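>>> give me the fold of what follows.
(one chain, ligands or ions: 1)
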Amino acid sequence: MTAFDRIRAVFWESGRLHLLDQRRLPTVEHYLDCTRWREVAEAIRDMVVRGAPAIGIAAAYGVALAARERSERELAAAFEGLAATRPTAVNLGWALARMRRAHDAGADAGALLAEAQRIQAEDVAANRRIGALGAEHLPAGRAVLTHCNTGSLATGGYGTALGVVRSAYAAGRLTRVYAGETRPWLQGARLTAWELQADGIPVRLIADGAAASLLASGEVGAVVVGADRVAANGDVANKIGTYALALAAAAHDVPFLVAAPLSTLDADTASGAGIPIETRGAEELLSIAGQAIAPPDIEVWNPVFDVTPARLVDALITERGVVARPDAHAIRRLLSAPAHE
Ligand code: MRU
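Purely as a prediction, here's the structure:
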């Protein structure tokens, strides 16, 4: 680990999976230890670990834990149970498919653990590359606005959109980061603000509702977000509120950039209309830190992701290259390009 990348939310040590409990940040830094796949599944469902690449990586380790039980039945239950934890991030299914291929090729528990560790290491390497490529695409000497948390906490390490932020800041190209608080779970306020502060990167927190005014002010040179799934036509599912940011960015001619590894691209889903959008419980909207903020019997709709149409995306930054104005043709070309262009 290096400067600008000191946090590991997911790691394997001494025969256990360690997960930084993101529900308790920024006040408490506590790791949960998992020795059973069911604990990993529960941790993903309950948001101990969150962020598209990180849940895929955690699930891969979950399979490795299940393999230690030496029961094909338990392993099959693990594949099924882990896949059912959260529906939107395609990285989960991607990582499980990779683990299944390794298993089908004869990998034992040790080899499955090695595969999970490879998935994590490859994710960090992809993020470093995304960071380097993305930094060049940010207008120099300006601020950026980001949403949710896409950093070390949400990935194997370093981050996607926050990887771009880290690389741009290290290169002296960035004045500051504006982090939207990201209602209702507050990934921006609780996680992104904490993560960037830990790295000494200047960060200013805004209420989600302040984003359009910020974009109108002219201070922000680009909006940079991550993704949970990019459909074959370039539509982007990401944290709820991303679509509103893309609309506001377009209205003010601010570039809207999406940073995501290839494991987030879903060639099998034609457009955003086919992406399953997770809705979570009403309690996320009804209280903050145990304090009621709405009448308890109020009706609630709590979708936690939205879809930004490809036409609002100025560039998709992947480890294999940057695609300007992504569409079905450009995404097909990217996916069929050699790994090192
Ligand atoms: O509900 P979460 O916190 O898992 O949602 C996370 C996001 O929406 C991130 O923006 C996305 O997973 C990209 S993380 C590199």
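
>>> show me what from the stretch 101-250 of the chain comes close to the ligand.
Applying CB under 6 Å from any ligand atom, we find that the stretch 101-250 of the chain lies next to the ligand at 148, 150, 154-155, 160, 187, 226-228, 238-239. To be clear about C-beta, it is placed using only N, CA and C from the backbone, and glycine gets the same treatment.

>>> which residue does the stretch 151-300 of the chain bring closest to the ligand?
Gly226 (2.9 Å; CB to the nearest ligand atom).

>>> that residue against Leu257, yeah?
No: look at Gly226 against Leu257 with CB atoms under 8 Å: they stay out of range, at 10.2 Å.

>>> higher neighbour count, the two?
Gly226 (31 against 23; other CB atoms under 10 Å).

>>> between Gly226 and Leu257, which contacts overlap?
Ala161 (CB atoms under 8 Å, 6 or more residues apart in numbering).

>>> what's whichever strand or helix holds Ala95 packed up against?
Taking DSSP states H and E as the criterion, Ala95 maps to helix 90-104. Helix 90-104 sits against helix 52-67, helix 72-83, helix 109-137, with contacts defined as 3 or more CB pairs under 8 Å, 6 or more residues apart in numbering; DSSP states H and E.

>>> ok, residues contacting the worst-scoring helix or strand of the chain on mean pLDDT?
Least confident helix or strand of the chain, by mean pLDDT, DSSP states H and E, is strand 287-288 with a mean of 94. Contacts to strand 287-288, defined as CB under 8 Å, 6+ apart, come from residues 293-294.

>>> in the helix or strand encompassing Val323, what's buried?
If you go by DSSP H and E, Val323 is part of strand 321-324. Using 16 or more other CB atoms under 10 Å as the test for burial, strand 321-324 gives 322-323.

>>> who touches the helix or strand following the least confident helix or strand of the chain?
Next along the chain after strand 287-288, taking DSSP H and E as the criterion, comes strand 291-292. Contacts to strand 291-292, defined as CB under 8 Å, 6+ apart, come from residues Leu286.

>>> rounded mean pLDDT for the next helix or strand after strand 291-292, please.
Using DSSP H and E, the helix or strand that follows strand 291-292 in sequence is strand 305-308. Mean pLDDT, strand 305-308: 98.

>>> and what of stretch 261-272?
98.

>>> and that stretch, C-alpha only, in CSV?
The C-alpha trace of stretch 261-272 is given here as CSV (Å, rounded to 0.1, in the frame of the first residue of the first chain):
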residue,chain,number,x,y,z
PRO,A,261,-13.4,-1.4,-14.3
LEU,A,262,-14.4,-3.9,-17.0
SER,A,263,-15.9,-6.1,-14.3
THR,A,264,-18.7,-3.5,-14.1
LEU,A,265,-19.6,-3.7,-17.8
ASP,A,266,-22.5,-6.0,-18.5
ALA,A,267,-22.6,-7.0,-22.2
ASP,A,268,-25.6,-9.2,-21.5
THR,A,269,-27.9,-6.4,-20.5
ALA,A,270,-28.9,-4.4,-23.5
SER,A,271,-29.8,-1.1,-21.8
GLY,A,272,-30.5,0.5,-18.4
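
>>> what does it contact?
Under CB under 8 Å, 6+ apart, the answer for stretch 261-272 is 52-53, 56, 89-91, 94-95, 123, 126-127, 130, 160, 226-233, 235-237, 275, 307-309, 318-320, 331-332, 334-335.

>>> quick check: buried residues in that stretch?
Going by neighbour count (16+ other CB under 10 Å), the buried part of stretch 261-272 is 261-266, 269, 272.

>>> same check, this time on stretch 130-148
Within stretch 130-148, judged by 16+ other CB under 10 Å, the buried ones are 130-135, 137-138, 142-148.

>>> what's the answer for stretch 160-171, then?
For stretch 160-171, burial by neighbour count (16+ other CB under 10 Å) applies to 160-170.

>>> excluding chain neighbours, what is closest to Arg24?
Spatial nearest neighbour of Arg24, excluding adjacent residues (CB to CB, 6 or more residues apart in numbering): His30 at 5.6 Å.

>>> what pLDDT does the one you found get?
97.

>>> in contact with it: list those residues for me.
20-21, 24.

>>> quick one: which of the residues you listed is most hemmed in?
The most crowded member of the contacts of His30, judged by other CB under 10 Å, is Leu20 (21 neighbours).
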